[in-house]
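Participant: heads up, no residue letters with this:
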């Protein structure tokens, strides 16, 4: 009987040790990032930059600006072996009082240079499938923008709204005004050479 108990305790201890070691290794994998760098705001002063708020799809979004050296896309938020780390980043872009739902989930605000910018969005599979799209925008210095990408708005296509955030002169309320953008052919690697 004592021999059975010793084997039983040995199996329990071995399982515990392997589980503990496995969890630590798994956590370490989660901290390792993939090779795509994470976007960082440019060092120029704020008045020479534009600001963009990404709403609706923060993970799976990367961007490339025309003057980036080297010419490689950057993820909006970090991606690890365990997936994207969702994070809200607020740098003070005016909120829309009539759209409080935009700020309940994740949203991410960045500063960008006022130049042609490619934005690639790849969503996880949802009820309507996954979306993979690329858009070309040219933000202007000193302006704020709202980029809202919604794969649930229409059952047949994913919908992107790109708007400038402005204050209505009559009411004084912050509103959205459509801003120009162009859909591009989706490519695995972003490039201005197409």
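Facilitator: Arrived safely, thanks for sending. Quick caveat: nothing in here was measured; it's all calculated off a predicted structure.
Participant: So what's the residue count around the residue lying closest to residue 63 once chain neighbours are set aside?
Facilitator: Closest residue in space to residue 63, ignoring its immediate chain neighbours: residue 119 at 4.9 Å, by C-beta to C-beta, 6 or more residues apart in numbering. For every residue, glycine as well, the C-beta is placed using N, CA and C. Residue 119 has 25 neighbours, counted by other C-beta atoms under 10 Å.
Participant: Can you name the element that comes right after the host helix or strand of residue 119?
Facilitator: Assigned by DSSP states H and E, residue 119 falls within strand 117-122. Where DSSP H and E defines the elements, the next helix or strand beyond strand 117-122 is strand 132-137.
Participant: Give the buried residues for that next one.
Facilitator: Within strand 132-137, the residues scored as buried using 16 or more other C-beta atoms under 10 Å are 133-135, 137.
Participant: what does stretch 163-181 give?
Facilitator: Within stretch 163-181, the residues that qualify as buried are 163-165, 174-176, 179, 181, counting by 16+ other C-beta under 10 Å.
Participant: Between the two ends of that stretch, how far is it?
Facilitator: 9 Å (C-alpha to C-alpha, to the nearest Å).
Participant: what separates it from the chain centre, distance-wise?
Facilitator: Relative to the centre of its chain, stretch 163-181 is centred 23 Å away, using C-alpha atoms, centre = their mean, to the nearest Å.
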